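> What shape does this take:
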Amino acid sequence: MAADNDKSRLDDAARAGWLYFIAGHTQDEIARMLQVSRASAQRLVSLCLAERLITFRLEHPIAACMELAARLKERFDLVHCEVVPADPAAPQATAGIAERCANLLDATLRSETPVIVALGTGRAVRAAVERVTPIDRPNHQIVSLVGNISADGSASFYDTVGRLADRTGARHYPMPLPFLMSSEDERNKMVRIEPIAKVRAVAAKADLRLVGIGQMDQKAQVHIDGFVTRDELFEMMRLGAIGEITGWAYDSKGRLLKAGTNKRLTSIPPEVPAKTTTIGAAVGAAKVVAIAAALSGGLINGLITDETTARAILER
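This is a model prediction of the structure:
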C-alpha cells in the first residue's frame, strides 16, 4: 500500500512538473487543475525537481566558456573540449560537468551503429551516468576500465558500468578484480585469465573513454574511497605522483610512474598518447595540477571542466 501511495504521489509530482515547466502554467492554475491547494501544488513541483523527474540542459553556449574551451583545445590539441559555468557557491560541485558528460554519452549512445563506451570511476562519471536519457540500445557495449573491488572486498559505490547498462539495455563488462593485487606477479597472472582478458579486449576497441581525474595528495579520492592505504598513497607521492586516471598515477609531466601501486594495479592503463577519444571530467582548484599534467602528457585528448578550473589551467 505504501509503495502504491509513493507511486501515486510521484505521478502527481510529475504531472505538476510537466504543467509548470513544460506547459507554462502558474502554480495557482496547477492547483485548480489538480484540485489541490496552492501549497500542495508548490510542494509537488518541488518534489518533481528533488526526485529528478524532470531535468534541464543549457542549450545556449556562453561566450566566455566557449572562448576558454577553444584556447584549451588549441593549446593541448584536443579532439573535444567543453567548459561549463562555475558555481561560485560550490566551486567543487560536479553537477555542471556531469550534465555535459551526460550529453556526450547521450549523443554517443543514440547511434544505431553499435558502439563501445569504456568508463572509469569517480563522482563526476557516476553523476553523468545518472543523467543519461534511458534508451534501448542492446547492440552497444559498456565496459569498465577499472577493477572495482577495494581492499576490504567491497565494491565501489562509484562503479558506473552496470548503471549505464540498466539505462541503455546494452551488454556490459565489469572488471571483477581487486583494484590492487598483492604483487606485480599476481597482477600479471590475473589479467591473463580468459574472462578478464576478454574484458580488456573489448575495452581496447572502445569508441569513447570517459574518465575522472584525481589528485594525489592527502585528500586523494583513491585513498578516501579505500582503494589505496595511507602508506601506499604517501609512497606514490614520494615517487612524484601528482594525479591519477583509473588509478594509474602519473607525474607533473603526465608520465605514468613505473613503480609503487602502478605495478600492482589491475585497471586498464591509459593510452599514451591517447588515440581513442578519451575525455577527462574534473573540476576544482585541487585538481588543476593533475588535469594540466594529464593534458600535457597526452593521457587524455578531451576535457570537460568548469570556467574557473579552465582559467587556472591556462594560467599555468
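> contacts and neighbour counts: CA atoms only from here.
OK.
> Next, the residue minimising distance to the centre of the chain: secondary structure please.
Taking Cα atoms, centre = their mean, the centroid of the chain lies closest to V125, which sits 1.1 Å from it. Classification of V125 using DSSP: H, G, I helix; E, B strand; the rest coil returns helix.
> List the residues that contact it.
Each residue near V125 by Cα atoms under 8 Å, 6 or more residues apart in numbering is listed here: A98, C101, L119, T160, L210, V211, G212, A281.
> Those residues in strands, which ones?
L119, L210, V211, G212, A281 (DSSP state E).
> my guess is the second one meets A282, correct?
Read it as L210. No. Using Cα atoms under 8 Å, L210 is not in contact with A282, being 10.9 Å away.
> coming back round to it: where's the residue nearest to the centre of the chain relative to A64, distance?
Distance, V125 to A64, using Cα to Cα, to the nearest Å: 25 Å.
> swap in A259?
Per Cα to Cα, A259 is found 41 Å from A64.
> Same check on H140?
36 Å.
> excluding its backbone neighbours, what's nearest A312?
Leaving aside its chain neighbours, A312 sits nearest to V288 (6.7 Å; criterion: Cα to Cα, 6 or more residues apart in numbering).
> Just give the number of residues close to the one you found.
A count of nearby residues for V288, using other Cα atoms under 10 Å, gives 24.
> Tell me the secondary structure of it, please.
On the basis of three-state DSSP, V288 is classed as helix.
> so it makes contact with T309?
Yes. With contact defined as Cα under 8 Å, V288 counts as touching T309 (6.4 Å).
> helices and strands of this protein: which one bottoms out on pLDDT?
helix 2-17 (a mean of 78; mean pLDDT, DSSP states H and E).
> residue ranges with poor pLDDT in this protein?
1-6, 57-61, 150-151, 155-158 (pLDDT under 70).
> If we use 50, what do you get?
1-2 (pLDDT under 50).
> what ranges do the helices span in it?
Using DSSP state H, the helices found in the chain span residues 2-17, 27-34, 38-50, 63-76, 95-109, 123-131, 161-168, 184-191, 194-204, 221-224, 230-238, 288-296, 307-314.
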